[in-house]
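*Asks:* I'd like to go over a predicted model; first the sequence, then the structure.
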Amino acid sequence: MNPGPLVFLATFFALATSWLGFVVMPQLQIGRQQQVEIKDTGEMYPARRPGLAKQGEEVYRANGCYYCHSQQVRPLGFGTDVARGWGARPSPVQSVAQDYLYDQPVMLGSQRVGPDLTNIGLRQTNEVWLLSHLYNPQLTSKGSTMPPYPFLFMKSKLALGEKPSPNAVFVVNGPKENYEILPTDKAKALVAYLGSLHSEAIVFETPPFPSTNAPAASTNAPVIATATNSVPTNSPAK
Amino acid sequence: MSATISPSQSISTGSPQAVPEISAAEIDASCRAPVMLLFLSAAGWVLASSFFGIIASLKFHKPVMLADYSWLTYGRVHPAASNALVYGFGLQAGLGVLLWLVAHLGRTKLASAPLVIAGWLFWNVGVTLGILGIIGGDSTGYEMLELPRYASVPMFFGYLGIGLAGMLTFHQRRERELYISQWFLLAALFWFPWIYSSANLLLVAKPVRGVMQAVIDAWYANNLTTVWFGLVGLGAAFYLIPKITKRPLASHYLGLFTFWTLIIFGSWSRVPAGAPVPAWLPALSTFAAVLTLVPILAVAVNVKQTLCGYSGSEGCNPALKFIAFGMAAYVLSGLMSVGASLGRVSKITNFTWFVPAQMQLVIYGFFAMTMFGAIYYIVPKLTQREFCKPKMVAAHFWLAMLGIVLYAAPLAIGGVKQGLALNDAKTPFLDVVTGTLPFLRASTTGDLLMAVGHLIFLMNLAGLLVKLGHASYKTAMSLNTKAAGVAS
């Protein structure tokens, strides 16, 4: 007997099973998800990203932020995702498939060298903070291991007495030189993208806590207050 | 009988049919150019991978280092390093070893060497474009599949060329009985084009929507690292260990059993628990991950029994050292991956440095080390020359071995520590981060040792080629003078 075809068939069946089970089946189950209407607000969820945030998603992808930052909050009982304030849903279930409908590409991330960014848009609404942090994380988070991204900014000299641009992230008035740091379009887009990162809407898959023992039934604020190691300027988005 | 065939027999004993024998030297001659090309460029890529890896690693010593250049930012050099290792080195070295083994086990010459050389060209053009693309910010954003479309298309066709030559070689084999390695290698030949085209079509060409992307990416990455690397690495080891030690593989059936269990359980996805996907996916993944214990233990038993009591003079054979280390790393990394898939442990190790430590132990500790061993075994046969400096081969082994240990061990330990700290909500996040720094910095030592090892590896191969070139130049010259003498 020639065993060649047998090897071929074995390979074919093993791979076909795996492919059907882990590619086709889940695609049939969640591949056709659509926007849903949120009961309380009547808004459609998830919203499509506006243009600038969409461009920012490209900057996030191109610079590989997702090698250090995850974008998935695990449910209650999985680590301290909720206790660290990374989640924003008053529900034991946090990130669900629905949240990623319009991400392209979906960058769940596999590492948490930095904090989870699923809800950074709620946690950090101060754009200047985000920009200075990108320019040099040490400015806002002393001791951070996040690399700085000066190439997303422009340094522009200021003549004596010249007024800094309103866009300036910060201005340096040194004895020798005066300059301001301006964000490039990429930096602005990236910050718009970070602002678009939030998933607090209650959907079918994330039932709210039963109201009797809800730790955060009516507002996100208590959850978010413990959110971050950074500046206390967080305010809930809504 | 097929059950007891050992590779030493299958080559030394004559076949009963009256087919004219093809000598091993003739087979080697047919493989020489294409396989050497694959090995040499693999050696170049593994060195390039070290270069990017060191830059990435240095960022944890000083985040501002080289921060002014977008193309040297962490999120670009890190994937450049892993892609150069996987596609530049791993696939090429694996294919080179595979072709040579398929030719020898079938006792036939390599079919259509030009096809392999064309494939090699396409593959390397693709990988080069792709790595430059990642550095330039064109990564696709899918881990393990970062190479952009303009890279993956030529690579796919390159693979098809090489794979087709492998299939033709297998088809024209003169030894009809199959040795166990051929099962592994043949399956690997089919596996890659299927998963690679599937993943690229569904993620890059016509992306599916939403979190399905992450599901498919996990499926692809797992199939590449667990199944493809597993098949080629084990296929090579099951041939080379018996060949070098001159003892038959302890159990042919255990080998077959490994084959079946690996392709069935290994190919199921690796979706971690807690991921935002339907709950049955991580559940089934965990189940399959636990079942991969079966092939892992089967390999451990088989290799251990083959080597048991062995203390031949070949004990210091460098190829055997590499491969034995590769097998140990296979078992260890397998156990780590089973452990990390279990609910309680996964809650600690998920998202930590433990995961890349385990990954690197598979890709480098197991696969790359086994390939180094195979290359050191094969190349002297291809070139009919011994390595000029055997000491340098041994040096490569020690550097690579210490390198991967010093890389993976701190990350694995640091990862567990990081996971425990992350799970303690009272530890501020930044403290968790700074707690991992000593481990990350220690792992840079491993990166550096491996890099020196890769430099030596490239020099060893190049040294042999220079020797070979020199010799053929001499014969050409003497032929020339003879011809001139005849003419005058």
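*Replies:* Alright, I've got the coordinates. Numbering: from 1, shown residues only, chains lettered A, B, ... in the order given.
*Asks:* only C-alpha atoms for contact and neighbour calcs from this point on.
*Replies:* Noted.
*Asks:* quick one: secondary structure of residue B:110?
*Replies:* State at residue B:110, reduced to three classes by DSSP: H, G, I helix; E, B strand; the rest coil: coil.
*Asks:* quick one, what contacts residue 146?
*Replies:* Because you didn't say which chain, this covers chain A. For residue A:146, the contact set (Cα atoms under 8 Å, 6 or more residues apart in numbering or on different chains) comprises A:114, A:137, B:63.
*Asks:* looking at chain B here, not the other one
*Replies:* Taking Cα under 8 Å, 6+ apart, we find residue B:146 in contact with B:79, B:83, B:134, B:139, B:140.
*Asks:* farthest pair within these?
*Replies:* Spanning the widest gap among the contacts of residue B:146 are B:83 and B:140, at 12.2 Å by Cα to Cα.
*Asks:* need the residues touching each of those two.
*Replies:* What both residue B:83 and residue B:140 touch, as defined by Cα under 8 Å, 6+ apart, is the set B:146, B:147.
*Asks:* coming back round to it: which of the contacts of residue A:146 lies closest to residue B:255?
*Replies:* residue A:114 (43.3 Å).
*Asks:* wait, the closest one sits on residue A:69?
*Replies:* Yes - with contact defined as Cα atoms under 8 Å, residue A:114 counts as touching residue A:69 (5.2 Å).
*Asks:* quick one: secondary structure of the residue of the stretch 351-488 of chain B found nearest chain A?
*Replies:* Scanning the stretch 351-488 of chain B for proximity to chain A using Cα to the nearest Cα identifies residue B:351 as nearest, at 4.1 Å. Of the three states, residue B:351 takes coil under three-state DSSP.
*Asks:* tally of neighbours for the nearest residue to it once chain neighbours are set aside?
*Replies:* Closest residue to residue B:351 apart from its sequence neighbours, by Cα to Cα, 6 or more residues apart in numbering or on different chains: residue A:111 at 4.1 Å. By the criterion of other Cα atoms under 10 Å in any protein chain shown, residue A:111 has 21 neighbours.
*Asks:* walk me through the domains of chain B.
*Replies:* Per the record, chain B has its domains at B:22-177, B:222-478, by automatic domain parsing.
*Asks:* so what would you say the end-to-end distance of the shortest one is?
*Replies:* Between the opening and closing residues of domain B:22-177 we find a distance of 17 Å, counting by Cα to Cα, to the nearest Å.
*Asks:* over to the longest one?
*Replies:* Taking Cα to Cα, the span from the opening residue of domain B:222-478 to its closing residue is 54 Å.
*Asks:* hmm, the helix ranked longest in chain A touching chain B?
*Replies:* If you go by DSSP state H, chain A has its longest helix at helix A:4-19. Yes - interface with chain B: helix A:4-19 contributes A:4, A:7, A:8, A:10, A:11, A:14, A:15, A:18 (Cα under 8 Å from any Cα of the partner chain).
*Asks:* how many other residues sit next to the first one?
*Replies:* A total of 16 residues lie near residue A:4 under the criterion other Cα under 10 Å.
*Asks:* measure it to residue B:177 for me?
*Replies:* As judged by Cα to Cα, residue A:4 and residue B:177 stand 9 Å apart.
*Asks:* kindly report the same for the fifth one.
*Replies:* As defined by Cα to Cα, residue A:11 lies at a distance of 18 Å from residue B:177.
*Asks:* so the two - more neighbours on which side?
*Replies:* The residue with more neighbours, out of residue A:11 and residue B:177, is residue A:11; 24 against 19, by other Cα under 10 Å.
*Asks:* mind listing the strands for chain A?
*Replies:* Listed in chain order, the strands of chain A (DSSP state E) span A:36-37, A:44-45, A:153-157, A:170-173, A:178-183.
*Asks:* which regions of the chain lie under the pLDDT threshold?
*Replies:* Since no chain was named, I'll use chain A. A:1, A:211-238 (pLDDT under 70).
*Asks:* looking at chain B here, not the other one
*Replies:* Applying pLDDT under 70 to chain B flags the ranges B:1-19, B:312-316, B:483-488.
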